[in-house]
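Colleague: Sharing a sequence plus its predicted fold:
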Amino acid sequence: MRVTSKGQVTIPLEVREDLGIRPAETEIEFVKDKNGHWYLKKTRSKTSVSRFRSVHNTGKLRMSTEDIMKLTRGHRPE
């Protein structure tokens, strides 16, 4: 396996499939055991819910539900 100048490696497809590692969803870490051996460990996968939670309440624009509905539906004369 080659290491790029940025320290990146490509994890083989078979390993990614066996471990359930998916792009942009999975975090991994390297763990060293008491004998000095290094292991790759899947730490977590981001679900849709966790992605939503990570951006929840981060917007700066405050709008009422009525204003949002008008914006998404377009202006309708009354």
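Modeller: That came through, no problem.
Colleague: This structure: strands as residue ranges?
Modeller: 26-32, 38-45 (DSSP state E).
Colleague: now the last one: mean pLDDT?
Modeller: Meaning strand 38-45. For strand 38-45, mean pLDDT is 81.
Colleague: Distance to Glu17 and mean neighbour count added to the strands of the chain, as TSV?
Modeller: Glycine gets a C-beta too; all of them are placed from N, C-alpha and C. Formatted as TSV, the strands of the chain follow (distance: least, Cβ to Cβ, whole Å; neighbours: other Cβ atoms under 10 Å):
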stretch	distance to Glu17	mean neighbour count
strand 26-32	12	11
strand 38-45	12	11
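Colleague: Tabulate the ones you listed (TSV), appending distance to Val3.
Modeller: Shown next, in TSV, are these (distance: least, Cβ to Cβ, whole Å):
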stretch	distance to Val3
strand 26-32	13
strand 38-45	14
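Colleague: Could you list the low-confidence segments of the chain?
Modeller: In the predicted model of the chain, residues 45-52, 75-78 satisfy pLDDT under 70.
Colleague: Now do the helices in it.
Modeller: According to DSSP state H, the chain carries its helices in the segments 13-19, 48-55, 65-73.
Colleague: Identify whichever of those lies nearest to Lys34.
Modeller: Each of the helices of the chain has some distance to Lys34 by Cβ to Cβ; the shortest is helix 13-19, at 22.6 Å.
Colleague: Which other helices and strands does the closest one contact?
Modeller: strand 38-45 (3 or more Cβ pairs under 8 Å, 6 or more residues apart in numbering; DSSP states H and E).
Colleague: how big is the angle separating the strand it packs on from strand 26-32?
Modeller: Interaxial angle of strand 38-45 relative to strand 26-32 (axes from the mean of the first three to the mean of the last three Cα atoms, to 10 degrees): 150 degrees.
Colleague: Alpha carbons of strand 38-45, as CSV, please.
Modeller: Coordinates of each C-alpha in strand 38-45 appear next as CSV, following Å, rounded to 0.1, in the frame of the first residue of the first chain:
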residue,chain,number,x,y,z
TRP,A,38,-1.1,-1.1,15.3
TYR,A,39,-4.7,-1.8,14.3
LEU,A,40,-7.3,0.0,12.3
LYS,A,41,-10.6,0.5,14.2
LYS,A,42,-13.9,1.7,13.0
THR,A,43,-15.2,4.2,15.6
ARG,A,44,-18.5,5.3,14.3
SER,A,45,-20.7,5.9,11.2
